[in-house]
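Asker: I'd like to go over a predicted model; first the sequence, then the structure.
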Amino acid sequence: AQSVTQLDSQVPVFEEAPVELRCNYSSSVSVYLFWYVQYPNQGLQLLLKYLSGSTLVKGINGFEAEFNKSQTSFHLRKPSVHISDTAEYFCAVSEGFTGTASKLTFGTGTRLQVTL
Amino acid sequence: NAGVTQTPKFRVLKTGQSMTLLCAQDMNHEYMYWYRQDPGMGLRLIHYSVGEGTTAKGEVPDGYNVSRLKKQNFLLGLESAAPSQTSVYFCASSSQGRRTDTQYFGPGTRLTVL
């Protein structure tokens, strides 16, 4: 089974500062990685995903993530955050489950708190 | 196009009561999923469905039942609620069950069992 580790449970940052949210995974097979965002009292929304190809993946709202196979990492970055980026961010890896189904294995989440 | 919707948004139950959570999607997706979200644990898969009339167990299925009588709906049932089932429940759907597919999530149902 694969696993995902998000080392930081909370990341406080000032508005317009850069931010990096860390994600490490364990996998012995080909990896498909996702970042989801959960705004307060809402469901999860896909930010970006890595399937193959370029290791730098660009997503919505100015976020990007870099897949690093040697370090088994998929860190999320944004060069300048806004108050509206305050949310919970989840890293996830997709793995085969049973039969033809797959499932997402999520990290425990990182709460990004942006202040003025 | 509403995407994935969930009913109800909030519910409080007493221990031993039963209830059904409804998930609906209008994207004609084959696969649907139920997850629960607990503090410090991320989301865990309860049950899933690969198509109309089919369901299967996920990682934490005990105490829950599901049904998918129509392709667009996926119901999660609690026959006898327990305090350990206090959680936020999310439904998701994807076009197929491939590892590369994006799962689309509903807004969640916050359930408290007293």
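Answerer: Right, received. Where do you want to start? Numbering: from 1, shown residues only, chains lettered A, B, ... in the order given.
Asker: ok, now how distant is residue B:109 from residue B:93?
Answerer: Going from residue B:109 to residue B:93 by CB to CB, to the nearest Å gives 15 Å. For glycine as for every other residue, the C-beta is placed from the backbone atoms N, C-alpha and C.
Asker: So for the two, which sits in the more crowded spot?
Answerer: residue B:93 (27 against 22; other CB atoms under 10 Å in any protein chain shown).
Asker: correct me, but that one touches residue B:24?
Answerer: No: taking contacts as CB atoms under 8 Å, residue B:93 lies outside contact range of residue B:24: 9.4 Å.
Asker: following the biggest strand by length in chain A, which helix or strand shows up next?
Answerer: The single longest strand within chain A, with elements called by DSSP state E, is strand A:87-96. Once strand A:87-96 ends, the next helix or strand along the chain (criterion: DSSP states H and E) is strand A:102-106.
Asker: Hey, what's the angle from that following strand to strand A:87-96? Just curious.
Answerer: Strand A:102-106 and strand A:87-96 are oriented at 140 degrees to each other (axes from the mean of the first three to the mean of the last three CA atoms, to 10 degrees).
Asker: Okay, now the sheet partners of strand A:102-106, with direction.
Answerer: Strand A:102-106 has these partner strands in its sheet, going by DSSP bridges: strand A:87-96 (antiparallel).
Asker: Need the residues that contact the strand it pairs with.
Answerer: A:1-4, A:6, A:21, A:23, A:25, A:27, A:29, A:31-40, A:44, A:47, A:74, A:76, A:102-107, A:109-112, B:42-43, B:99-101 (CB atoms under 8 Å, 6 or more residues apart in numbering or on different chains).
Asker: And the strands in the chain, which stretches?
Answerer: No chain specified, so I'll use chain A. For chain A, applying DSSP E gives strands covering A:3-5, A:10-14, A:19-21, A:24-26, A:32-38, A:44-50, A:56-58, A:64-68, A:73-78, A:87-96, A:102-106, A:110-115.
Asker: my bad, chain B
Answerer: Taking DSSP E to define them, one finds strands in chain B at B:4-7, B:10-13, B:19-25, B:31-37, B:43-51, B:54-57, B:65-67, B:73-78, B:87-94, B:104-105, B:109-113.
Asker: Columns mean pLDDT and distance to residue A:59 on top of these, output as CSV?
Answerer: Formatted as CSV, those follow (pLDDT from 0 to 100; distance: least, CB to CB, whole Å):
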stretch, mean pLDDT, distance to residue A:59
strand B:4-7, 95, 20
strand B:10-13, 96, 30
strand B:19-25, 97, 23
strand B:31-37, 95, 21
strand B:43-51, 93, 19
strand B:54-57, 92, 31
strand B:65-67, 97, 31
strand B:73-78, 97, 27
strand B:87-94, 95, 18
strand B:104-105, 94, 15
strand B:109-113, 96, 27
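Asker: Same list (those strands) but as CSV, adding distance to residue A:54.
Answerer: What follows is these, written out as CSV (distance: least, CB to CB, whole Å):
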stretch, distance to residue A:54
strand B:4-7, 29
strand B:10-13, 42
strand B:19-25, 31
strand B:31-37, 27
strand B:43-51, 28
strand B:54-57, 35
strand B:65-67, 38
strand B:73-78, 35
strand B:87-94, 23
strand B:104-105, 24
strand B:109-113, 38
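Asker: Tell me which of the ones you listed lies nearest to residue A:82.
Answerer: The minimum distance between residue A:82 and these falls on strand B:104-105, with 22.7 Å, by CB to CB.
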